[in-house]
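Participant: next come a sequence and a model predicted from it.
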Amino acid sequence: MSFEKLGVMKQLLGAINDLGYINPTTVQTRAIPLVLAKSDIFATAQTGTGKTAAFGLPMIQRLRANSDDVNRLIRGVILSPTRELSIQIHEDMKSFAKYMNLSIALLVGGKDIEAQQKILKKGVDIVIATPGRMLEHAEGGLSLKGVEIFVLDEADRMLDMGFVKEIRKIHPMLPKRHQTLLFSATYSEKVRKLSKLLLTKPAFIEASKKNSTVDTINQKVYLVDRERKAELLAYIIGSRNFRQVLVFTRTKASADQLVLELKKDGLKCGVIHGDKTQANRVKTLNDFKEGNITVLVATDIASRGLDIEHLPYVINYELPSVPEDYIHRVGRTGRAGRDGEAISLIDIYEKYDIKEIERLIGIKIPQETVEGFEPDPTIRRKDEDELKLKSEHKKAEKKRPTKKVAQKVTAKSIKTAKVVKKTNKKRKTTKRD
Ligand code: AMP
C-alpha cells in the first residue's frame, strides 16, 4: 500500500517523502481514507504506531482551503493531554503541512496566554491544545463555531488526568456538524462513555492489540558481555546459516559500528537509519529483499513503516529504549504458516530493560548463554549492585505519593495562611494546563 493509493494529495506526498516515510503504517492505512470520507473515528492506537500522521495528514488535506483573512475561524482542533505531546504533534503537523499555506498554532498551559492570543488574532486554521488552555481561550472569547474536525489524542490519558470536565465544556462550543476523531491507547469503560457522547456512527480501528504479535513468536534472550555482542551475532548468523536477518540497534552510531564489525567477519550487510537518504534506504531494502545482503541493521525509527515484515529472524543487538518498540521489532518475524524467531542479545546493563519488556508483553522470555560467550561473572557482580540500586530507586519513585497528595500534605503542615494560599495558587495553574 502507498500513501498515494490512500488518496493523499500531492503536496502532502512531498512532505511525507521528506520525512522518509515510505509505506503507511496499519493505523494510517485504515484511518486516512475514512477521515477523508468525513467519517467519525474511534481508534485504539498506541504511541509509535504512526497515529499522529493517521489523523494529521487527512485533517490537513480536508482543511487545505486557505485564506489570509485574519478574522477567519479555526477549522481544526487537536486536544492532547500534555504539553510535551502537544509540542510533538505541533512539530509533526508543521512538517506535514510544509508545502501548504495553513497556520497551525500551539496553545498549551504554562505559556503566556497573551502571546497566544496575539497569534490567534492573525488568523489560525488548526490549533493543538491541552484541554485546560483550550477552554481558557474559548471562555475568553475564541470562537470554535467554525470547527470542522475535532481530534482527541490519547483520550484515555486525558480522562485519567481528570480533563473530562474541560472536554464536556468544550464540546457544546463546537458547531453541531463536525467530524470527531478519537484516539486512545486503551479501550476502557471511561473512554467508551466519552465516545458515546462525542462520536456519531464512528468507524472502529484497532491498530495494535498489545500482545497479539508476540504470542506466536519464538523469543529468546542470550546473555553476553557488551564487548562480545558483535562477535556472538556473527557466530549465530554463521553457525545457523541465517540467510535473511534483521538486526536492531538503539542508535545510528551503533548501527554503523556494527556494520563495520560484521563486514570484517565477511557478512554482507546493509544499514538503514535516519542519516541515510530515502533513495539509499529504498536501495538497501531492495537489496535485502532480493537476497543480495544477509544482514540488515536498522534503528527503530528508520525501520518503522517500511515493508519488511514476515522475516524468519529478528535480532535485537540492543534493546529499544521504549519497551513498546520491542513489540514492533519482533512483530516483523513470522512467515505465513511458520513461526518466526526473535533473539535479544542482552548485557548486564539491559537486565532492567528486559524486565520492563516482559511486564509489557506478559511473557517471561527464556534466558540462555551460548557456549564460549558466557558473561564474565566479575563484571556481573560489580554492575548488578548498581543496577539493583537503580531498580530499587525506580520502585521507590513509583511508591511516592502523587503530586496532588504531596501538595495537600505540604499545605497542611505549613502554618501561615499566606504560604497555604501560594501553594493553592500554584496547584491551580498546574491543573489548568
Ligand atoms: P506516532 O505514533 O505518531 O508517535 O509516530 C511514531 C514515529 O513513527 C514518529 O517518529 C513518526 O515520525 C514515525 N512514523 C509515522 N508514520 C510513519 C511511516 N509511515 N513510516 C515511517 N515512520 C513513520
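Facilitator: Structure's in. What do you need?
Participant: what does the average pLDDT come to for stretch 377-393?
Facilitator: Stretch 377-393 shows an average pLDDT of 62 in the prediction.
Participant: just the pLDDT for residue 231.
Facilitator: Per-residue pLDDT puts residue 231 at 96.
Participant: err, residue 311, not the other one
Facilitator: Confidence for residue 311, expressed as pLDDT, is 84.
Participant: for it, what are its contacts?
Facilitator: 244, 245, 246, 332, 333, 335, 340 (CB atoms under 8 Å, 6 or more residues apart in numbering). C-beta here means a position set from N, CA and C on the backbone, and glycine is covered the same way.
Participant: before we move on, what about residue 376?
Facilitator: Going by CB under 8 Å, 6+ apart, residue 376 touches residue 225.
Participant: same deal with residue 273?
Facilitator: Counting by CB under 8 Å, 6+ apart, residue 273 touches 252, 255, 256, 298, 299, 301, 302.
Participant: how far away is it from the ligand?
Facilitator: Residue 273 sits 12 Å away from the ligand, going by CB to the nearest ligand atom, to the nearest Å.
Participant: cool, residue 373 as well?
Facilitator: To the ligand, residue 373 is 34 Å away according to CB to the nearest ligand atom.
Participant: is it correct that that residue is in contact with residue 233?
Facilitator: No: counting by CB atoms under 8 Å, residue 373 sits too far from residue 233 to count as a contact (10.1 Å).
Participant: with neighbour numbers in mind, choose between those two.
Facilitator: Using other CB atoms under 10 Å as the criterion, residue 373 and residue 233 rank with residue 233 on top: 25 against 17.
Participant: so that one sits against residue 269, correct?
Facilitator: No: if you go by CB under 8 Å, residue 233 and residue 269 don't touch, sitting 10.6 Å apart.
Participant: please identify every residue contacting each of these two.
Facilitator: In terms of CB under 8 Å, 6+ apart, residue 233 and residue 269 are both contacted by the residues residue 262.
Participant: circling back to that earlier point, turn the contacts of residue 273 into TSV, including distance to the ligand, pLDDT and secondary structure.
Facilitator: Output for the contacts of residue 273, formatted as TSV (distance: CB to the nearest ligand atom, whole Å; pLDDT from 0 to 100; DSSP: H, G, I helix; E, B strand; the rest coil):
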residue	distance to the ligand	pLDDT	secondary structure
252	14	93	helix
255	16	96	helix
256	20	96	helix
298	12	94	strand
299	11	91	coil
301	5	71	helix
302	8	69	helix
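Participant: of the residues you listed, which is the most crowded?
Facilitator: Within those, most neighbours by other CB under 10 Å means residue 298, with 27 neighbours.
Participant: need the phi and psi values for the nearest residue to it once chain neighbours are set aside.
Facilitator: Spatial nearest neighbour of residue 298, excluding adjacent residues (CB to CB, 6 or more residues apart in numbering): residue 272 at 4.9 Å. Main-chain torsions, residue 272, degrees, to the nearest 10: phi -130, psi 130.
Participant: also residue 346?
Facilitator: phi -120, psi 140.
Participant: got it, and residue 107?
Facilitator: phi -120, psi 90.
Participant: what's opposite the closest residue in space to it that isn't next to it in sequence in the beta bridge?
Facilitator: Of all residues beyond its chain neighbours, the one nearest residue 107 is residue 129 (4.0 Å), with distances taken as CB to CB, 6+ apart. With DSSP bridges applied, residue 129 shows beta-bridge pairing to residue 79, residue 107.
Participant: so who does residue 129 touch?
Facilitator: By CB under 8 Å, 6+ apart, the contact set of residue 129 is 77, 78, 79, 80, 86, 106, 107, 108, 137.
Participant: try residue 243
Facilitator: Residues near residue 243 by CB under 8 Å, 6+ apart: 291, 294, 312.
Participant: now do 10 Å
Facilitator: 237, 291, 294, 312, 313 (CB atoms under 10 Å, 6 or more residues apart in numbering).
Participant: which ones are touching the spatially closest residue to the third one that is not a sequence neighbour?
Facilitator: What it means is residue 294. Leaving aside its sequence neighbours, residue 294 sits nearest to residue 268 (CB to CB, 6+ apart; 5.0 Å). Taking CB under 10 Å, 6+ apart, we find residue 268 in contact with 262, 287, 288, 291, 292, 293, 294, 295.
Participant: quick one: pLDDT of the second one?
Facilitator: Meaning residue 287. Residue 287 carries a pLDDT value of 93.
Participant: neighbours of residue 345, just the number please.
Facilitator: Residue 345: 25 surrounding residues under other CB under 10 Å.
Participant: pretty sure it sits against residue 314.
Facilitator: No: in this structure residue 345 lies outside contact range of residue 314 using CB atoms under 10 Å: 11.7 Å.
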